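1. Here is my input, please return the structure:
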Amino acid sequence: MSNSTRYTTIVLAGYMDVGEIKYLYFTILLLLYITIILANSLLIGVISVERTLHEPMYMFLCSLSVNELYGSAAFFPAILTHMLSKLHEVPIAHCYVQIFSLYTYASVELGNLAIMSYDRYTAICYPLLYSSIMTHTRVYTLIGLVWLISFAKFTINLLINLNLELCANVIEKVWCDNYLIVKLACSDTTVSNIYGTVGSIISILVPLLLIIYSYIQIWRACLTSSAESTQKAILTCTPHIASLLNFSFGCSFEMFSSRFNKVYMPPVLRVIISVYFVICPPLLNPIMYGIRLTKIKMAFKTKINHS
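-> As a prediction, the model looks like this:
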C-alpha cells in the first residue's frame with residue numbers, strides 16, 4: 001500500500017540560517033550574476049557584429065555563451081530569492097522546470113565543448129581541408145543537434161518523472177536535483193532509473209570520447225609539426241582545455257556530493273560544491289576566451305575605438 005502524498009512543493013533544505021551575513025552572500029551572488037550576464041553578452045555581441053569572427057570556432061563559442069546565459073537564468077534568480085527568504089519551498093512545477101533547465105544546460109555545455117574539440121582537431125590536423133569540412137551548414141547543424149538532442153532527452157526524462165508519487169518533499173540542496181527527487185518516490189522508479197542511467201552515460205560518454213579522440217589526434221599532429229605550429233595549436237586549444245576541465249570538475253564534484261555520504265563534509269563546502277558547475281564556467285569561460293583569443297581582443301578594441 002502506498003504512503004504517498006500529493007505534494008505541491010519541494011523544500012530545499014540545503015539553505016542554512018546564516019543571520020545577517022545572508023545579505024553579504026546575496027550581494028556576492030548578485031555581482032557574480034551581473035558579471036556573467038555582461039561578460040557573455042559582450043562576447044556574443046562582439047562575435048555577432050564583427051564579420052571577421054563569423055568562423056566556426058567563434059560560432060561554437062557564441063553557442064557556448066548563449067547556453068551559459070540560459071543556465072545562469074535557471075539558477076541565479078531562484079537562489080537570490082531564497083537567500084532573502086525564510087521559507088525555502090518551491091512549487092513542484094517550478095522545481096521540475098529548474099531541473100529541466102539545469103540538466104539541459106549541463107548537457108548542451110558538454111556537447112558544445114565536444115564539437116569545439118572536433119573543430120580544433122579539424123583545423124590542426126586538416127588545415128587545407130578545414131574550410132570545406134567545417135562549412136556554415138555543418139557548423140549550424142552541429143550546434144542545432146547539440147541543443148535539440150539535449151532538449152529532447154530531458155523532455156522525455158521530465159515526462160517520466162512527472163508521474164512519480166513522492167513519500168516526502170525535502171531535499172538537501174539549494175536547487176532542485178532530479179536524482180534526489182527520484183529518491184523520494186514511493187512509486188516504481190525502475191523506468192526513471194534506467195532511462196536516467198542510460199541517458200547520463202550517453203550524455204557524458206559520447207562527448208568525452210569525441211574530445212579524447214580529438215586531442216589524441218591533435219597531440220599526434222603536434223609531434224610531427226614544427227615548433228611554431230605546435231605553439232599555435234597549444235594557444236588555440238588552451239582556453240578549450242581550461243573550459244573543459246573547469247566544467248568537468250564542477251560536474252564531478254556535484255555528482256559525488258549528491259550520491260555519496262556527506263556526513264564529514266562541512267555544510268558551506270557542500271553548497272559551494274553543488275553550485276560550482278553553474279557559477280564558475282559561465283563566469284570564467286568568456287573571460288578566458290576573451291583574453292586568450294587574439295581575434296576577439298582585436299575585434300573588441302576596434303569596437304571600443306570606433307564607439
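
2. Would you point out which residue is most central in the chain?
-> The residue lying closest to the centre of the chain (Cα atoms, centre = their mean) is residue 106, at 3.6 Å.

3. hang on, it in a helix?
-> Yes. Counting by DSSP: H, G, I helix; E, B strand; the rest coil, residue 106 is found in a helix.

4. Am I right that it is in contact with residue 281?
-> No. Between residue 106 and residue 281 there is no contact under Cβ atoms under 8 Å: 9.6 Å. The way it works is simple: take the backbone N, C-alpha and C, and place the C-beta from them, glycine included.

5. Strands along the protein, start to end?
-> Per DSSP state E, the chain carries strands over the ranges 9-12, 89-91, 170-171.

6. Direction included, what does the last one pair up with?
-> Applying DSSP bridges to the sheet, strand 170-171 is found paired with strand 9-12 (parallel).

7. ok, residues contacting stretch 15-22?
-> 25, 82, 83, 84, 88, 174, 267, 268, 271 (Cβ atoms under 8 Å, 6 or more residues apart in numbering).

8. ok, how many other residues are close to the second one?
-> Neighbours of residue 82 under the rule other Cβ atoms under 10 Å: 20.

9. ok, back up a step: pick the most buried one from the strands of the chain.
-> Highest mean neighbour count among the strands of the chain (mean count of other Cβ atoms under 10 Å): strand 9-12, with a mean of 20.

10. which residues sit against that strand?
-> Strand 9-12 is contacted from outside by 82, 88-92, 95, 169-171, 173-176, 181, using Cβ under 8 Å, 6+ apart.

11. out of those residues, who's nearest residue 227?
-> Ranked by distance to residue 227 (Cβ to Cβ), the contacts of strand 9-12 are led by residue 175 at 47.0 Å.

12. Was I right to think that closest one contacts residue 274?
-> Yes. The criterion here is Cβ under 8 Å, and residue 175 meets it with residue 274 at 7.4 Å.

13. who touches both of those two?
-> Contacts common to residue 175 and residue 274, judged by Cβ under 8 Å, 6+ apart, are residue 14.

14. circling back: need the strands of the chain in JSON lines with distance to residue 296 and mean pLDDT, can you?
-> Listed next are the strands of the chain as JSON lines, based on distance: least, Cβ to Cβ, whole Å; pLDDT from 0 to 100:
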{"stretch": "strand 9-12", "distance to residue 296": "38", "mean pLDDT": "92"}
{"stretch": "strand 89-91", "distance to residue 296": "38", "mean pLDDT": "92"}
{"stretch": "strand 170-171", "distance to residue 296": "40", "mean pLDDT": "92"}
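
15. which one of those lies closest to residue 117?
-> strand 170-171 (34.3 Å).

16. Other residues contacting that closest one?
-> By Cβ under 8 Å, 6+ apart, strand 170-171 touches 10, 11, 12, 13, 14, 177, 180, 181, 184.

17. for stretch 35-53, same thing?
-> Residues outside stretch 35-53 that contact it (Cβ under 8 Å, 6+ apart): 54, 58-59, 61-62, 65-66, 68-69, 72, 76, 279, 282-283, 285-287, 289-290, 295-296, 299-300, 302-303.

18. That stretch - what's its average pLDDT?
-> The pLDDT scores in stretch 35-53 average 90.

19. Check stretch 182-191 too.
-> 88.

20. Then stretch 114-132?
-> Averaging pLDDT along stretch 114-132 gives 94.

21. what about the helices in the stretch 1-150 of the chain?
-> Per DSSP state H, counting those that start in this stretch, the stretch 1-150 of the chain carries helices over the ranges 22-49, 56-83, 92-125, 130-133, 136-161.

22. Quick one: residues contacting residue 32.
-> Contacts for residue 32 were tallied using Cβ under 8 Å, 6+ apart; they are 76, 279, 283.

23. Please work out how many residues are found near the residue lying closest to the last one once chain neighbours are set aside.
-> Going back to what we said before, that points to residue 283. With Cβ to Cβ, 6 or more residues apart in numbering as the criterion, residue 283 has its nearest non-adjacent residue at 5.3 Å, and that residue is residue 36. For residue 36, the count of nearby residues is 27 (other Cβ under 10 Å).
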